[in-house]
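S.K.: Pasted the sequence and its predicted model underneath.
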Amino acid sequence: MVKSERKTLSNGVTVPAIGFGTYLLDNAQAASCVLDAIQDGYRLIDGASFYHNETGVGQGLCQAMDEGAKREDLFVTSKVWKDAMGYEQTLESFEKSLADLGLEYLDLYLIHWPSGDPELDRSTWQALIDLYKAGRVRAIGVSNFMPENLLPLFDMEIVPMVNQIMVHPGWKQETVTDFCRQHGIQVMAWSPLGRGRVLNNHLLRQLAQEHGKSPAQICLRWEIQKGFIPIPKSANAARIRENLDVFDFELTPDQMQALDSLPPME
């Protein structure tokens with residue numbers, strides 16, 4: 001059993017140990033799936049302006065709160081997309097996401113991708129710093145940043161608290177995950193199931209049989225034990241519930257090592 005179902009960021013804010021992703025859901029799906037996820041027990045809801053479904057995500061959040069979920073118990077994420085980077089445009093994108101979601105603040109705001117221009121990244125990051133200092137967002141970070149993208153931000157007032165990257169068994173991203181661990185940056189894992197491609201792997205299926213779980217649950221358990229926060233996405237109600245059911249078993253050190261040794265499977 002895990003000791004905790006929450007992770008603590010460098011600024012002391014705690015985050016649920018697993019989240020629900022909303023990528024590729026349309027607005028109607030996002031509304032119903034977010035509501036289902038919260039009813040099932042998820043409290044971290046991950047979104048982005050690029051997903052073009054924040055109105056639907058907001059509807060799901062609103063309905064969940066109408067039915068008794070407390071805003072302070074939810075952890076809602078959004079991201080600024082490449083075409084809105086830069087100081088002023090980032091602030092405008094943040095306000096639009098907030099309005100679409102129907103919220104008064106965000107729990108986490110991320111730069112979705114590095115721009116390739118360190119100065120543009122820095123001006124965008126300054127906007128996130130100012131939003132954080134103004135109390136508009138509880139934590140700030142980045143997504144898909146490698147060490148060379150992170151380093152230009154390190155001499156600014158606040159270092160990213162989160163880096164959301166693709167991680168799953170067979171795609172460990174050790175260079176960046178080790179770098180983040182060394183610098184107190186929490187890794188969130190998008191595509192934690194390898195977009196479904198790794199679920200037929202023999203080792204995953206063997207471990208699933210041994211633990212009475214699904215291969216997807218083995219993936220998620222591996223990520224949690226690695227210290228990452230996985231963000232699985234599904235439009236299937238049964239899979240949404242299943243993906244959350246990963247806190248009643250633990251992979252052994254040998255099993256973790258075996259998963260660590262899988263060949264690359266991007």
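M.R.: Looks like it came in fine.
S.K.: what's the neighbour count on Ser115?
M.R.: 18 (other C-beta atoms under 10 Å). Just so you know, the C-beta spots here come from the backbone N, C-alpha and C atoms, and that holds for glycine as well.
S.K.: Then Pro118?
M.R.: Neighbours of Pro118 using other C-beta under 10 Å come to 14.
S.K.: For the chain, just list every one of the strands.
M.R.: 6-8, 14-16, 19-21, 44-46, 75-80, 108-111, 140-143, 162-166, 186-190, 229-230 (DSSP state E).
S.K.: Can you add mean neighbour count and give those strands back as a markdown table?
M.R.: Compiled in a markdown table, the strands of the chain are given as follows (neighbours: other C-beta atoms under 10 Å):
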| stretch | mean neighbour count |
| --- | --- |
| strand 6-8 | 15 |
| strand 14-16 | 18 |
| strand 19-21 | 28 |
| strand 44-46 | 26 |
| strand 75-80 | 26 |
| strand 108-111 | 27 |
| strand 140-143 | 24 |
| strand 162-166 | 23 |
| strand 186-190 | 24 |
| strand 229-230 | 26 |
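S.K.: Can you lay out those as JSON lines showing mean pLDDT and distance to Ser214?
M.R.: JSON lines is the format used below for the strands of the chain (pLDDT from 0 to 100; distance: least, C-beta to C-beta, whole Å):
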{"stretch": "strand 6-8", "mean pLDDT": "96", "distance to Ser214": "23"}
{"stretch": "strand 14-16", "mean pLDDT": "98", "distance to Ser214": "20"}
{"stretch": "strand 19-21", "mean pLDDT": "98", "distance to Ser214": "17"}
{"stretch": "strand 44-46", "mean pLDDT": "98", "distance to Ser214": "21"}
{"stretch": "strand 75-80", "mean pLDDT": "98", "distance to Ser214": "25"}
{"stretch": "strand 108-111", "mean pLDDT": "98", "distance to Ser214": "28"}
{"stretch": "strand 140-143", "mean pLDDT": "98", "distance to Ser214": "27"}
{"stretch": "strand 162-166", "mean pLDDT": "98", "distance to Ser214": "20"}
{"stretch": "strand 186-190", "mean pLDDT": "98", "distance to Ser214": "17"}
{"stretch": "strand 229-230", "mean pLDDT": "98", "distance to Ser214": "14"}
